[in-house]
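1. Just the structure for this:
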Amino acid sequence: MARLSRAEAQRLNRGKVLRAAREEFAERGFREAKVDRIAERAELTRGAVYSNFPGKRALYFAVLAEAAENAPVPAAPDSVRTGGDALGAFARTWLSRLPLATDERHGDARIDVDLIPEVLGDPRIRRPFAQLVRVDALLLGLALERLAPGGRRVRAAAAALTTLHGASRLAAAAPGFGEPFDVARTCARLADQDFEDAWHPPSFAPPAQPADEPWSPPEAADLVRGRPARLDADGVVAVLGVHRLSGVEDAVRAAPADARVTAVAVTEDPGELAGLVRLAIVDLGGCLRASFPERAWPGLQVVCDSSGVLAAAAGVTAVRDDTEVAVRIEAGRVVSRAEGLGACHTAAVLARH
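-> Predicted coordinates:
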């Protein structure tokens with residue numbers, strides 16, 4: 001048998017750790033799970049676990065993200081025609097994953113129960129999570145806008161996500177409370193509510209610096225669609241730290257309709273937070289694809305750049321959680337760059353000219 005390379009052995013061990021961790025979390029929950037037992041299940045040493053993941057919480061986020069990425073996504077129902085239809089279908093998809101009062105399974109219905117308590121317990125996690133939820137609302141709102149044009153629908157999307165996150169918490173604490181169809185109908189009706197929603201451009205945006213550099217991005221996955229990202233088109237690429245992710249809406253709103261906008265999520269702590277980024281966006285993307293027709297999927301791409309390679313291709317060699325750098329791409333070259341708060345708006349406005 002051929003000897004495995006170091007990279008191949010590491011990938012093999014990482015897969016073993018993830019499978020073992022999923023079993024441990026499913027049986028015992030996050031709080032009672034032990035890294036020593038995970039190592040034993042994987043037939044590896046404790047050190048081998050920590051060589052792949054910096055801690056139990058990082059491993060937990062990675063397990064949840066992998067489960068979301070591998071979950072089957074059904075096609076959107078043919079009956080979806082309006083924003084209300086789509087939000088109702090979105091809610092039903094979301095609610096179908098929650099445990100019932102009579103559900104005795106020790107599988108996926110239980111694994112994510114400790115996610116929100118972990119987020120609440122640590123400000124270092126809570127702030128990125130808040131940004132990710134804002135991006136989720138933006139993605140859902142953009143889908144509503146494409147299905148039924150007529151103004152910004154992000155606040156309606158945020159109201160629906162608030163309702164569904166609340167239903168998730170209650171399903172964990174009081175299984176069987178409430179009627180899922182009532183929750184779905186409530187979400188559907190939010191699509192027609194007038195939230196007096198509007199986007200306001202930033203009051204200050206940094207000046208753009210002209211550039212003339214080759215654009216040679218590495219392959220990357222679009223977490224929203226669950227397929228390879230299209231990074232070769234003209235448009236705006238925004239490299240955003242996990243404290244600045246929601247700033248991508250400035251690029252979406254200011255860019256011309258035919259410009260592709262890509263949010264590249266980066267962090268100082270990829271070992272832990274990359275899994276959280278993947279989980280939040282992939283989970284939303286799966287529900288969206290299962291409920292909205294493809295013509296309504298948002299044009300915004302979201303990429304998790306845990307290695308920083310894509311950021312480096314955009315000229316960002318050192319990433320921070322508050323990074324905001326946006327570049328404009330034309331004909332396979334970086335033609336301008338803006339950095340700092342409001343950079344997304346600057347780059348997108350330039351793309352109009």
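
2. Please make it C-alpha for all contacts and neighbour counts, starting now.
-> OK.

3. which residues of the stretch 101-250 of the chain score low on pLDDT?
-> 101-110 (pLDDT under 70).

4. can you pull out the helices in it?
-> Here the stretch 101-250 of the chain has its helices, by DSSP state H, counting those that start in this stretch, at 108-111, 115-120, 123-147, 154-173, 180-190, 248-254.

5. and the third one, which residues are buried?
-> So the one you mean is helix 123-147. 125, 128-147 (16 or more other C-alpha atoms under 10 Å).

6. now do the fifth one
-> For helix 180-190, the neighbour count (16+ other C-alpha under 10 Å) marks 180, 183, 184, 185, 186, 187, 188, 189, 190 as buried.

7. Tell me the spacing between the third one and residue 89.
-> Distance from residue 184 to residue 89, counting by C-alpha to C-alpha, to the nearest Å: 8 Å.

8. can you list the residues that contact stretch 119-132?
-> Here stretch 119-132 makes contact (C-alpha atoms under 8 Å, 6 or more residues apart in numbering) with 118, 242, 243, 244, 245, 246, 273, 276, 277, 280, 281.

9. could you dump the residues you listed to TSV with distance to residue 345 and neighbour count?
-> Shown next, in TSV, are the contacts of stretch 119-132 (distance: C-alpha to C-alpha, whole Å; neighbours: other C-alpha atoms under 10 Å):
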residue	distance to residue 345	neighbour count
118	33	15
242	18	28
243	17	22
244	13	21
245	13	27
246	12	20
273	26	24
276	26	27
277	23	29
280	24	21
281	22	26
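
10. Could you find the closest non-adjacent residue to residue 327?
-> residue 337 (4.4 Å; C-alpha to C-alpha, 6 or more residues apart in numbering).

11. picking up where we left off before, now flag whichever of the buried residues of helix 180-190 is closest to residue 47.
-> The nearest member of those to residue 47, counting by C-alpha to C-alpha, is residue 180 at 44.1 Å.

12. List the contacts of that closest one.
-> 92, 95.

13. Roughly how far does it sit from residue 115?
-> Taking C-alpha to C-alpha, one finds residue 180 at 21 Å from residue 115.

14. can you check residue 212 too?
-> In this view, residue 212 and residue 115 are 44 Å apart by C-alpha to C-alpha.

15. now residue 190
-> Here residue 190 is placed at a distance of 26 Å from residue 115 (C-alpha to C-alpha).

16. Quickly list what residue 240 is bridged to.
-> Judged by DSSP bridges, the bridge partners of residue 240 are residue 265, residue 324.

17. Correct me if wrong: it contacts residue 265.
-> Yes: using C-alpha atoms under 8 Å, residue 240 is in contact with residue 265, at 5.2 Å.

18. Distance to residue 332 added to the helices of the stretch 101-250 of the chain, as a markdown table?
-> Shown next, in a markdown table, are the helices of the stretch 101-250 of the chain (distance: least, C-alpha to C-alpha, whole Å):
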| stretch | distance to residue 332 |
| --- | --- |
| helix 108-111 | 43 |
| helix 115-120 | 40 |
| helix 123-147 | 26 |
| helix 154-173 | 32 |
| helix 180-190 | 42 |
| helix 248-254 | 19 |
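
19. do you know which of those lies nearest residue 295?
-> helix 123-147 (7.7 Å).

20. now the closest one: how far from the chain's centre is it?
-> 8 Å (C-alpha atoms, centre = their mean, to the nearest Å).

21. Stretch 35-45 now?
-> 29 Å.

22. Going by neighbour count, list what's buried in it.
-> Buried residues in stretch 35-45 (16+ other C-alpha under 10 Å): 35, 38, 39, 41, 42.

23. now do stretch 164-175
-> 164, 167, 168, 171, 172, 175.

24. To what extent is residue 195 buried, counted in neighbours?
-> Neighbours of residue 195 under the rule other C-alpha atoms under 10 Å: 14.

25. go on, residue 26?
-> For residue 26, the count of nearby residues is 19 (other C-alpha under 10 Å).

26. just checking, it touches residue 67?
-> No: contact criterion C-alpha under 8 Å: residue 26 and residue 67 do not qualify, at 11.9 Å.

27. For the closest residue to residue 133 other than its chain neighbours, which three-state class applies?
-> Counting by C-alpha to C-alpha, 6+ apart, the nearest residue to residue 133 once its immediate chain neighbours are dropped is residue 280, at 7.4 Å. Under DSSP: H, G, I helix; E, B strand; the rest coil, the three-state class of residue 280 is helix.

28. I'd like the distance between the closest residue to residue 144 other than its chain neighbours and residue 167.
-> Leaving aside its sequence neighbours, residue 144 sits nearest to residue 83 (C-alpha to C-alpha, 6+ apart; 5.6 Å). The gap separating residue 83 from residue 167 is 21 Å, by C-alpha to C-alpha.

29. got it, and residue 192?
-> From residue 192 to residue 167 the distance is 21 Å (C-alpha to C-alpha).

30. now residue 266
-> Residue 266 is 30 Å from residue 167, by C-alpha to C-alpha.

31. what do you get for residue 300?
-> Per C-alpha to C-alpha, residue 300 is found 27 Å from residue 167.
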